[in-house]
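Peer 1: this one's sequence-less:
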Ligand SMILES: Cc1cc2nc3c(=O)[nH]c(=O)nc-3n(C[C@H](O)[C@H](O)[C@H](O)COP(=O)(O)OP(=O)(O)OC[C@H]3O[C@@H](n4cnc5c(N)ncnc54)[C@H](O)[C@@H]3O)c2cc1C
């Protein structure tokens, strides 16, 4: 994940303007309530003659035209409209449609099907294998769907699928409300939530997808069309289950997301730095044995760099004294430099963001879930790979799971399976300079080899992978991402996308294929 060492605490108080523009067209429709209990449900009444939207499988739709903000290769804005966050991957789509309302998405999907053009769905552009873009195809981009409707009394937020995480966190923060997101503000809320979504609030509020109680989604319909579905725990509940952890580009194009949100007035944000890797074993071992079992209000990350160990912790509704007390086992190791900040979650979150232009151009990550504490040997692997890392922006990133709220599934269940993990772990490397094409090329082979060998060396100690940080070339990726849920995902795919319109390198195939 991101290199947090450059976080600037001083910026924390600078409130960031959020995209809280209400888009009335987007916000039509009721807000689903939340039930208190429940369990996983089956695939709702599949019928072989119709698809998930109820349309006959062979039904034809009127000819569609592209609408919205359309960018083609001949337009001056094309290079920036096409470029993703990870510049390692460059694509040349035929056309990019920036939807301004749901109907633009319906038109784009229908047009793609009627013209037999490959399609990809895109929101925040952070796909770590470049899979939200495609050569010669259409990119259906929802990032300009920025509506937000927050009902503080009902603790429900319905937002457009184009918000990024910073916009979502700061918008909710204005109401002293929160839902779990990942740590990097520029990541799309859609992409993060639909693949699971974890961050500092995961142990307190569950996964981002656990807070998702409804969605508007455009699915393929009939032989060549598209249709809008409203999904909640009672309507198309099987599809909601699938969207909670396997929704990225697999079933349709999500145009709005409805979250259950929680009150959160303030957090204590703790940052600690140990210079050098001399304390690595003691810091890592202490962290992995206490942080996953600590007070569930405490979310923590350890990042091991070439010449530093960094720790970040957020204690929801906590004071400085309480945070220091909880973290005493860790902070008493060696002589870390420690800072503590108390503030609203929106302000703290905005304060630790790094501008994208300051980040390396190219990135490669490898995702792994960890069930048992790393033995000394595994921690040594981390130390020796980092000491020998080919770029300064290399790290080993972690996020504590353990006994937090992410253990409890929401009503209706989710496709996300890694609830009992001790922590998430991720070797990562960044290189090259943004705005200078080819600047990283000389390092690309070494960087790719380093991360492949690093993740391979940790394989004996890990189990499972994170679909939002896909591992290309991994055998049995289906099982690694979704475990036993994969079979059910394939059935739901067959119901809602029987023609396999939504497909990419590691997409869920329909059960009948
Ligand atoms: C720097 C960095 C830090 C990260 N930190 C975290 C973290 O702390 N926690 C965490 O959980 N994850 C983290 N991630 C992973 C992140 O969750 C995924 O990269 C996420 O899928 C990106 O979503 P996006 O919308 O930005 O990307 P996109 O490239 O737009 O989309 C990613 C995938 O989602 C699909 N998709 C996007 N929008 C929709 C939609 N509306 N409907 C259907 N499918 C859609 C795309 O087709 C694609 O398959 C991080 C990633 C990066 C690059």
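Peer 2: Everything's here; your move. Note that the structure is a prediction, hence the values are computed from the model and not measured.
Peer 1: Would you check that residue 209 makes contact with residue 417?
Peer 2: No. Taking contacts as CB atoms under 8 Å, residue 209 lies outside contact range of residue 417: 11.4 Å. Placement of C-beta: from N, CA and C, glycine included.
Peer 1: Who has more neighbours out of those two?
Peer 2: Taking neighbours as other CB atoms under 10 Å, residue 209 and residue 417 compare with residue 209 leading, 28 against 20.
Peer 1: so which strand or helix has residue 149?
Peer 2: Residue 149 belongs to strand 148-151 when assigned by DSSP states H and E.
Peer 1: For that strand, which strands pair with it and how are they oriented?
Peer 2: With DSSP bridges as the test, strand 148-151 is paired with strand 156-160 (antiparallel).
Peer 1: hey, where'd the helices end up in this structure?
Peer 2: With helices called from DSSP state H, the chain shows them at 78-82, 102-114, 165-173, 189-194, 202-205, 237-246, 280-290, 320-326, 328-331, 345-351, 376-387, 441-458, 477-482, 485-496.
Peer 1: can you redo these as a markdown table with distance to residue 511?
Peer 2: Listed next are the helices of the chain as a markdown table, based on distance: least, CB to CB, whole Å:
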| stretch | distance to residue 511 |
| --- | --- |
| helix 78-82 | 34 |
| helix 102-114 | 21 |
| helix 165-173 | 33 |
| helix 189-194 | 20 |
| helix 202-205 | 31 |
| helix 237-246 | 12 |
| helix 280-290 | 39 |
| helix 320-326 | 47 |
| helix 328-331 | 47 |
| helix 345-351 | 40 |
| helix 376-387 | 38 |
| helix 441-458 | 31 |
| helix 477-482 | 13 |
| helix 485-496 | 4 |
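Peer 1: Which one, of the ones you listed, ends up nearest to the ligand?
Peer 2: helix 189-194 (1.8 Å; CB to the nearest ligand atom).
Peer 1: so how far is the closest one from its chain's centroid?
Peer 2: Relative to its chain's centre, helix 189-194 lies at 5 Å (CA atoms, centre = their mean, to the nearest Å).
Peer 1: Which strands or helices does it pack on?
Peer 2: Here helix 189-194 touches helix 165-173, helix 237-246, strand 253-260, going by 3 or more CB pairs under 8 Å, 6 or more residues apart in numbering; DSSP states H and E.
Peer 1: Output those in TSV; the columns should cover mean neighbour count, mean pLDDT and distance to the ligand.
Peer 2: Converted to TSV, the helices and strands packed on helix 189-194 look like this (neighbours: other CB atoms under 10 Å; pLDDT from 0 to 100; distance: least, CB to the nearest ligand atom, whole Å):
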stretch	mean neighbour count	mean pLDDT	distance to the ligand
helix 165-173	25	98	8
helix 237-246	27	98	8
strand 253-260	26	98	4
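Peer 1: out of those, which comes closest to residue 374?
Peer 2: Nearest of the helices and strands packed on helix 189-194 to residue 374, taken as CB to CB: helix 237-246 at 25.3 Å.
Peer 1: Off-centre distance for that closest one?
Peer 2: Remark: helix 237-246 is offset 15 Å from the chain centroid, using CA atoms, centre = their mean.
Peer 1: now that helix and strand 253-260, what's the angle there?
Peer 2: Here helix 237-246 points in a direction 90 degrees away from that of strand 253-260 (axes from the mean of the first three to the mean of the last three CA atoms, to 10 degrees).
Peer 1: and residue 493, what does it touch?
Peer 2: Listed by CB atoms under 8 Å, 6 or more residues apart in numbering, the contact set of residue 493 reads 242, 250, 251, 500, 508, 509, 510, 511.
Peer 1: How about residue 312: what's its closest non-neighbour residue?
Peer 2: Among residues not flanking residue 312 along the chain, residue 301 sits closest, at 4.7 Å (CB to CB, 6 or more residues apart in numbering).
Peer 1: swap in residue 457?
Peer 2: Nearest residue to residue 457 in three dimensions, chain neighbours excluded: residue 381, at 4.7 Å (CB to CB, 6+ apart).
Peer 1: Could you do residue 192 as well?
Peer 2: Residue 192 sits nearest to residue 182 (CB to CB, 6+ apart), 4.7 Å away.
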